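A.B. asks: just coords:
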């Protein structure tokens, strides 16, 4: 399919959070590259879910595990002796972080600590990619986009937990992993708002649109002027795969964070995304109920990432325009609601289609 196949084929790979939206797409992609994937998760995050709709349990070994349990996590790592680890397990939503901030910090911050300790328990070579969030940056609504060297912050429990996780990673790297002879190669992946088929999380724009459309209901839009770096789920995943593949052999990448986001012209407001997405979902009804930012919890007006570092050091650039991302997302949900038995092959075909387009557009990793 592409040079990833030479890196991940026949490799043992742990994906933490493999039942989640991004995690299930990543796991599917890795299995198609010939990897032997062991997934770790607490269970299904939503009903329905991308994981369940494509019967991903048939393609990987699935373990029920809580990353807050360090002993269980260390046992999984030692039993697997992975070549690669992708850590995507998280409490990933701002709203629920207000309802249960302790769970959010235990999962996102202490869970990351447990992943690092589990890596340290290994004596075999391993490359680990830990995923954080664009919300980890202190939000000053910069129009130039946040860079990897910008200050961390967080005005809500979710954002703060992700910022704290980055500090934990930074401290562990410099304390225990920075030596050139370390058996652990560590990198950090940071992405913004991700869209794509199979996301049913509460409080996310595209799942809210799909639920309203599929149920014949009217969508109520919050904060239509909020600006986000929307990107198709395969975009950051191609970045994660590229980064992990290169980090396994390039010592200059060890300990480095990388942003993965869309082209600057594809950063759009909530209202613009609804308008453009509705063009492919016949019958969608919506109305704006509150044009003010804020509401019941803190919400940033502008989130934007600078991906110059990924372009310079990894030769990584996004492949899809926002309209292409929305069109592919729409097609996935329409397939799910009309031919649910064909969803796994359709998800696989979208990966193939993405890789083919990436090659046509000159992306180095696709050649």
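C.D. replies: Sure thing, it's come through. Not measured: the values here are computed from a predicted model. Residues are numbered from 1 along each chain as shown.
A.B. asks: Next, the buried residues of stretch 38-55.
C.D. replies: 38, 39, 40, 41, 45, 46, 49, 50, 51, 52, 53, 54 (16 or more other CB atoms under 10 Å). In short, each C-beta sits where N, CA and C put it, glycine included.
A.B. asks: Could you tell me the end-to-end distance of it?
C.D. replies: In stretch 38-55, first residue to last residue: 15 Å (CA to CA, to the nearest Å).
A.B. asks: pLDDT of that stretch, averaged?
C.D. replies: Mean pLDDT, computed over stretch 38-55, is 96.
A.B. asks: Tell me who's in contact with residue 129.
C.D. replies: 84, 85, 86, 87, 187, 188, 189, 240, 243, 244, 247 (CB atoms under 8 Å, 6 or more residues apart in numbering).
A.B. asks: got the phi/psi numbers for the first one?
C.D. replies: In terms of degrees, to the nearest 10, the main-chain angles of residue 84 are phi -140, psi 150.
A.B. asks: Ignoring the adjacent residues along the chain, who's closest to it?
C.D. replies: Among residues not flanking residue 84 along the chain, residue 13 sits closest, at 4.5 Å (CB to CB, 6 or more residues apart in numbering).
A.B. asks: rewinding a little: sort out for me which of the buried residues of stretch 38-55 are in strands.
C.D. replies: 38, 39, 40, 41 (DSSP state E).
A.B. asks: So in terms of bridging, what pairs with the third one?
C.D. replies: It refers to residue 40. Counting by DSSP bridges, residue 40 forms beta bridges with residue 16, residue 63.
A.B. asks: re earlier: can I get the buried residues of stretch 38-55 in JSON lines with distance to residue 261?
C.D. replies: As requested, those are exported to JSON lines (distance: CB to CB, whole Å):
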{"residue": "38", "distance to residue 261": "29"}
{"residue": "39", "distance to residue 261": "26"}
{"residue": "40", "distance to residue 261": "27"}
{"residue": "41", "distance to residue 261": "26"}
{"residue": "45", "distance to residue 261": "23"}
{"residue": "46", "distance to residue 261": "24"}
{"residue": "49", "distance to residue 261": "25"}
{"residue": "50", "distance to residue 261": "21"}
{"residue": "51", "distance to residue 261": "25"}
{"residue": "52", "distance to residue 261": "29"}
{"residue": "53", "distance to residue 261": "27"}
{"residue": "54", "distance to residue 261": "26"}
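A.B. asks: from those, which single one is nearest residue 285?
C.D. replies: residue 46 (23.1 Å; CB to CB).
A.B. asks: Does the closest one touch residue 200 like I think?
C.D. replies: Yes - between residue 46 and residue 200 there is a contact under CB atoms under 8 Å: 4.2 Å.
A.B. asks: residues in contact with residue 163?
C.D. replies: 136, 137, 138, 152, 153, 154.
A.B. asks: give me phi/psi at the second one?
C.D. replies: To tie it back to what came earlier, the one meant is residue 137. Backbone geometry at residue 137, expressed as degrees, to the nearest 10, gives phi -70, psi 140.
A.B. asks: Just list the residues touching it, thanks.
C.D. replies: Contacts of residue 137 (CB under 8 Å, 6+ apart): 146, 150, 151, 152, 153, 163.
A.B. asks: Any figure for the gap between the third one and residue 145?
C.D. replies: Spelled out, that is residue 151. 14 Å (CB to CB, to the nearest Å).
A.B. asks: Compare the two (neighbour count), which wins?
C.D. replies: residue 145 (21 against 9; other CB atoms under 10 Å).
A.B. asks: Would you agree that one is in contact with residue 305?
C.D. replies: Yes - the criterion here is CB under 8 Å, and residue 145 meets it with residue 305 at 5.1 Å.
A.B. asks: Give the residues shared as contacts by the two.
C.D. replies: Common neighbours of residue 145 and residue 305 (CB under 8 Å, 6+ apart) are 259, 261.
A.B. asks: export the contacts of residue 163 to JSON lines and tack on pLDDT and distance to residue 211?
C.D. replies: Output for the contacts of residue 163, formatted as JSON lines (pLDDT from 0 to 100; distance: CB to CB, whole Å):
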{"residue": "136", "pLDDT": "79", "distance to residue 211": "28"}
{"residue": "137", "pLDDT": "76", "distance to residue 211": "30"}
{"residue": "138", "pLDDT": "72", "distance to residue 211": "33"}
{"residue": "152", "pLDDT": "82", "distance to residue 211": "33"}
{"residue": "153", "pLDDT": "80", "distance to residue 211": "32"}
{"residue": "154", "pLDDT": "78", "distance to residue 211": "28"}
